[in-house]
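> What would the 3D arrangement of this be:
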Amino acid sequence: MTAVSPAEREQMCSVLGGFGADLKQLDDSAVDALWKAGYRSEDLLQIATHKGLKDAGLLPAYVDYVLSLKGGGSRSAPDAGQPRDQQGQTP
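Residues are numbered from 1 along each chain as shown. Down below sits the predicted model:
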């Protein structure tokens, strides 16, 4: 498999940032592995599994970190920011 180009790495970092990742927690090899394995969108990261990330070549700590971001990221629930007891209620 070919090496990940700087532009591809930058694109993957952008996707990860949008997913809520602190890029200081991932090294270039983890970012490259995600790119090579095809996790090139937030939607694909959202459906990532432990097995898929492990098969991508990520170290266990990186697998755990990516999985911990699921449900987080930059996407907000419609009632995000409201106190829990008020979520789902219309004013």
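> how about the CA coordinates for the longest helix seen in the chain, as PDB?
When the chain is parsed with DSSP state H, its longest helix is helix 6-18. Output of helix 6-18 as PDB, limited to C-alpha atoms (Å, rounded to 0.1, in the frame of the first residue of the first chain):
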ATOM      1  CA  PRO A   6       0.700  15.100   3.500                       C
ATOM      2  CA  ALA A   7      -2.600  16.300   1.900                       C
ATOM      3  CA  GLU A   8      -4.300  13.100   2.700                       C
ATOM      4  CA  ARG A   9      -3.000  13.200   6.300                       C
ATOM      5  CA  GLU A  10      -4.300  16.800   6.600                       C
ATOM      6  CA  GLN A  11      -7.700  15.700   5.300                       C
ATOM      7  CA  MET A  12      -7.900  12.900   7.800                       C
ATOM      8  CA  CYS A  13      -6.900  15.200  10.600                       C
ATOM      9  CA  SER A  14      -9.700  17.500   9.500                       C
ATOM     10  CA  VAL A  15     -12.200  14.700   9.700                       C
ATOM     11  CA  LEU A  16     -10.900  13.600  13.100                       C
ATOM     12  CA  GLY A  17     -11.100  17.200  14.400                       C
ATOM     13  CA  GLY A  18     -14.700  17.400  13.200                       C
END
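> in that helix, what counts as buried?
Neighbour counts over helix 6-18 (16 or more other C-beta atoms under 10 Å) mark E8, R9, M12, C13, V15, L16 as buried. Glycine gets a C-beta too; all of them are placed from N, C-alpha and C.
> Next: stretch 39-46.
Applying 16+ other C-beta under 10 Å to stretch 39-46 flags Y39, E42, L45 as buried.
> This completes my enquiry, with thanks.
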